[in-house]
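S.K.: okay, predicted coordinates and the sequence, questions at the end:
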Amino acid sequence: MTITFIGHGYVGLVTAAVFADLGNTVWVIGHTPEKIENLKKGIIPIYESGLDEIVKRNVDEGKLLFTLDYEKAIPASEIVFSAVGTPPREDGSADLSVVFDVARKAAKHLKNYTVIATKSTVPVGTNQKIKQIISDNKPKTAEFDIASCPEFLREGQAISDTLHPDRVVVGTESKRAEDLLVKLHSDLDSGDIGKHGNFVLTNIETAEMIKYAANAFLATKISFANAIAKLSELTGADATQVLRGIGMDRRIGPSFLAPGAGYGGSCFPKDVKALVSIAKGVGYDFKLLKEVEEVNAQAAEDIVKKASELLGSIKDKKIAVLGLSFKPDTDDMREAPSLKVIERLKESGAMISVYDPIAMKNAEKLVKSVKFNKDVYTCVNGVDLVIFMTEWGEFKKIDLKKMKSYMAGNFLVDGRNIFNPQDVKNAGFIYVGVGR
C-alpha cells in the first residue's frame with residue numbers, strides 16, 4: 001500500500017519505518033524543516049535501539065519518504081494515520097489542538113477514497129469531531145472514513161512491539177475501512193493475527209477507550225506495587241517476594257509489579273489524568289485513579305525521604321543520581337521520577353551530581369544547577385550518598401567496591417531494586433531499597 005503518517009515522534013516514526021520495511025510506500029509528514037531534512041539523511045530525533053538502521057535502509061530504498069507537504073503525500077495514500085501529540089492541559093484534559101489542525105490540513109488534499117485513522121491517544125468522541133472537520137474541509141468529490149487505531153508501543157522496545165503486537169485494535173464505522181486496516185496489519189507477526197485472532201474489531205468509541213483503559217490499568221499495577229512496598233517496609237515483609245508471589249498467579253501476571261520510584265514517561269501520567277478528566281466530564285468521580293496518582297507522587301517523595309533518613313540532613317550534602325530517563329533503553333525525560341527527586345533534593349540544600357547512559361542531552365534541557373558527568377565513577381566522586389533512579393543494564397554491571405572507593409560516604413538508595421542487597425552490603429555500603 002501507500003500510506004501516510006502525520007507526525008514523526010516515537011509512534012509515527014517507528015510505525016512508519018516498520019510498515020516501510022514490510023514493503024509499503026510510507027510518507028511521513030512533519031512541520032519542522034530541519035527535522036525533515038535530517039530524517040531524509042537518516043538522522044533521527046529520538047533514541048530507539050535499531051530504529052536508525054531501519055530508517056536509513058528504507059530511505060535509501062525510496063520506501064520511506066519525508067515531507068512538509070501534505071499535497072505530495074495525502075492524495076497518493078489509501079490510509080492516513082494521525083500520530084501527533086496530545087499533551088495534557090493544566091486541568092489534566094488532553095490538548096487536541098494539533099490533532100484537529102492536521103485533520104483540517106489533510107482534508108483539503110483528499111482525492112480518492114481514504115481512511116483517516118487516529119493513532120494518537122485521544123478522548124472518547126474525538127474521532128467524531130475529526131469526522132466533522134474533514135467533512136467541512138474536504139473536496140466535494142472526495143470519499144473518506146474515519147478510524148481509531150491506537151498504539152501500544154513501549155519505548156525501548158517499540159520496533160518489536162510494532163512487529164509483534166499483543167493485539168491490533170481497529171475501531172471503524174464501515175466494513176470498507178475495517179478491511180483496509182486489517183489488510184495493512186495482517187503482515188505483522190502475532191500468532192493468528194492474519195485470521196483475526198489478535199484483532200479487536202470494534203466501534204470507534206470503544207477503540208478510543210481501550211487505549212486509556214490499558215495505560216490506566218498498568219499505572220494502577222505500578223502504584224499497587226508501591227503501596228505494597230510501603231506496607232512491607234512498615235511490617236518487615238519483603239515486597240519483592242510478595243509481588244513475585246502474587247505475580248506468579250496467571251490471573252495477575254508479573255509485569256508492572258516492580259516497586260520503585262514510580263511511573264513516568266509520555267503516556268501513563270498523561271493518560272491517567274486524561275481518563276480522570278474524561279470521567280469528570282460525564283459525571284463520574286474516578287477516585288481509584290486519583291489515588292493511583294497520589295501513590296505515584298509519594299513514591300518519588302519516599303526516595304528523598306530515604307536519603308534524608310540515611311544522611312540525617314540533606315543540606316550541604318553531595319548526592320549522586322544515577323539514571324535520569326523514566327525507564328531504561330530510552331532517552332525520554334518526560335515526567336521522569338528523577339526530575340521530581342532532583343528538584344526536592346535541591347530544595348533541601350543538596351549538591352547534585354548526575355549521570356545517564358543515553359538521556360544526558362535531553363536532561364540538560366530540563367535540569368539546572370547540577371553537575372553532569374561522563375560516567376558512573378566520575379559522577380560518584382566525593383559524594384556522600386548515591387541514588388539509582390533507572391535500572392540501566394550498565395548499572396547492573398557496576399563494580400560496587402570500586403564505586404565506593406570514589407565516594408566520601410557509603411550510603412546507597414536503590415530506587416529500582418537493581419541490586420542484591422547483600423552484595424551491596426558486602427561492598428561496604430549501607431543499603432536501602434524499596435519495600436525491602
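M.R.: That came in fine, so what should we check first? Residues are numbered from 1 along each chain as shown.

S.K.: how about the helices of the stretch 1-150 of the chain, start to end?
M.R.: Using DSSP state H, counting those that start in this stretch, the helices of the stretch 1-150 of the chain run over 10-21, 33-40, 51-60, 70-73, 97-107, 126-137.

S.K.: ranking those helices by burial, who's on top?
M.R.: Across the helices of the stretch 1-150 of the chain, averaging neighbours per residue (mean count of other CB atoms under 10 Å) puts helix 10-21 on top, at a mean of 26. Any C-beta I mention is one placed from the backbone N, CA and C, and that applies to glycine too.

S.K.: got a list of contacts for that one?
M.R.: 3, 5-6, 8, 26, 28, 39, 44-46, 48, 51, 54-55, 57-58, 63-64, 81, 83-84, 119-120, 151, 153, 155, 158-159, 162-163, 184, 266, 332 (CB atoms under 8 Å, 6 or more residues apart in numbering).

S.K.: selection in PyMOL covering whichever of those residues are buried, please.
M.R.: Of the contacts of helix 10-21, the buried ones go into a single PyMOL selection, burial set by 16 or more other CB atoms under 10 Å:
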select buried, resi 3+5+6+8+26+28+39+44+46+48+51+54+55+58+63+64+81+83+84+119+120+151+153+155+158+159+162+184+266+332
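
S.K.: quick one, which of the helices of the stretch 1-150 of the chain gets closest to D356.
M.R.: Proximity to D356 (CB to CB) singles out helix 10-21 among those, at 18.0 Å.

S.K.: mean confidence (pLDDT) on that closest one, please.
M.R.: For helix 10-21, the mean pLDDT works out to 96.

S.K.: what's the angle between it and helix 51-60?
M.R.: Per axes from the mean of the first three to the mean of the last three CA atoms, to 10 degrees, the angle that helix 10-21 makes with helix 51-60 is 50 degrees.

S.K.: ranges for the strands of the stretch 51-200 of the chain?
M.R.: Applying DSSP state E, counting those that start in this stretch to the stretch 51-200 of the chain gives strands spanning 64-67, 79-82, 114-118, 144-148, 168-172, 199-202.

S.K.: what packs against the first one?
M.R.: The contact analysis (3 or more CB pairs under 8 Å, 6 or more residues apart in numbering; DSSP states H and E) places strand 64-67 against helix 10-21, strand 25-29, helix 33-40, helix 51-60.

S.K.: what's the closest of these to V295?
M.R.: helix 10-21 (26.2 Å).

S.K.: just want the angle from the closest one to helix 33-40.
M.R.: For helix 10-21 against helix 33-40, the angle between stretch directions is 30 degrees (the same axes, to 10 degrees).

S.K.: if we can go back for a sec, between the helices and strands packed on strand 64-67, which one is nearest to K211?
M.R.: Of all these, helix 10-21 sits nearest to K211, with 11.2 Å by CB to CB.

S.K.: and that closest one, how far out from the chain's middle?
M.R.: Distance, stretch centre to chain centre, for helix 10-21: 16 Å (CA atoms, centre = their mean, to the nearest Å).

S.K.: and stretch 65-80, by the same measure?
M.R.: Its chain's C-alpha centre and that of stretch 65-80 lie 27 Å apart, by CA atoms, centre = their mean.

S.K.: can you list the residues that contact it?
M.R.: Applying CB under 8 Å, 6+ apart, the contact partners of stretch 65-80 are 1-6, 8, 25-31, 33, 36, 39-40, 59, 105-106, 108-117, 180-181, 184.

S.K.: tell me how many other residues surround G245.
M.R.: For G245, the count of nearby residues is 11 (other CB atoms under 10 Å).

S.K.: oh sorry, the question was meant for R416
M.R.: Neighbours of R416 under the rule other CB under 10 Å: 23.

S.K.: need the three-state assignment for it.
M.R.: coil (DSSP: H, G, I helix; E, B strand; the rest coil).

S.K.: so what's it scoring on pLDDT?
M.R.: pLDDT, R416: 97.

S.K.: tell me the spacing between it and I352.
M.R.: When CB to CB, to the nearest Å is the yardstick, R416 and I352 sit 18 Å from each other.

S.K.: please apply the same query to A229.
M.R.: Taken as CB to CB, the span from A229 to I352 is 25 Å.

S.K.: how about D101?
M.R.: In terms of CB to CB, D101 sits 39 Å off from I352.

S.K.: next: L184.
M.R.: Distance, L184 to I352, by CB to CB: 48 Å.

S.K.: and K119, by the same measure?
M.R.: Applying CB to CB, the value for K119 to I352 is 38 Å.

S.K.: can you list the weak-confidence ranges in this structure?
M.R.: 189-197 (pLDDT under 70).

S.K.: correct me, but M351 touches D316?
M.R.: Yes: assessed by CB atoms under 8 Å, M351 is found in contact with D316 at 7.3 Å.

S.K.: with neighbour numbers in mind, choose between those two.
M.R.: With neighbours defined as other CB under 10 Å, M351 and D316 compare such that M351 has more, 19 against 10.

S.K.: which residue packs closest to that one, ignoring adjacent ones?
M.R.: Leaving aside its sequence neighbours, M351 sits nearest to K318 (CB to CB, 6 or more residues apart in numbering; 4.9 Å).

S.K.: hang on, the one you found packs against V380?
M.R.: No: using CB under 8 Å, K318 is not in contact with V380; the gap is 9.3 Å.

S.K.: between these two, which is the more surrounded one?
M.R.: Neighbours per residue (other CB under 10 Å) separate K318 from V380, with V380 holding more: 27 against 19.

S.K.: pretty sure that one sits against V354.
M.R.: No: taking contacts as CB under 8 Å, V380 lies outside contact range of V354: 10.7 Å.

S.K.: common neighbours of K318 and V380, please.
M.R.: Contacts common to K318 and V380, judged by CB under 8 Å, 6+ apart, are S353.

S.K.: what residues are up against P328?
M.R.: Applying CB under 8 Å, 6+ apart to P328 gives the contacts 156, 390-393.

S.K.: E293 is in contact with K273, isn't it?
M.R.: Yes: judged on CB under 8 Å, E293 makes contact with K273 at a distance of 7.3 Å.

S.K.: need the contact list for the residue nearest to I134 when sequence neighbours are not counted.
M.R.: Among residues not flanking I134 along the chain, A107 sits closest, at 4.2 Å (CB to CB, 6+ apart). By CB under 8 Å, 6+ apart, the contact list for A107 reads 133-138.

S.K.: closest to L310 out of those?
M.R.: Set against L310, the nearest of these by CB to CB is I133 (55.6 Å).

S.K.: returning to that earlier point: any chance of JSON lines for the helices of the stretch 1-150 of the chain, columns distance to D375?
M.R.: Below are the helices of the stretch 1-150 of the chain laid out as JSON lines (distance: least, CB to CB, whole Å):
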{"stretch": "helix 10-21", "distance to D375": "27"}
{"stretch": "helix 33-40", "distance to D375": "28"}
{"stretch": "helix 51-60", "distance to D375": "23"}
{"stretch": "helix 70-73", "distance to D375": "44"}
{"stretch": "helix 97-107", "distance to D375": "39"}
{"stretch": "helix 126-137", "distance to D375": "45"}
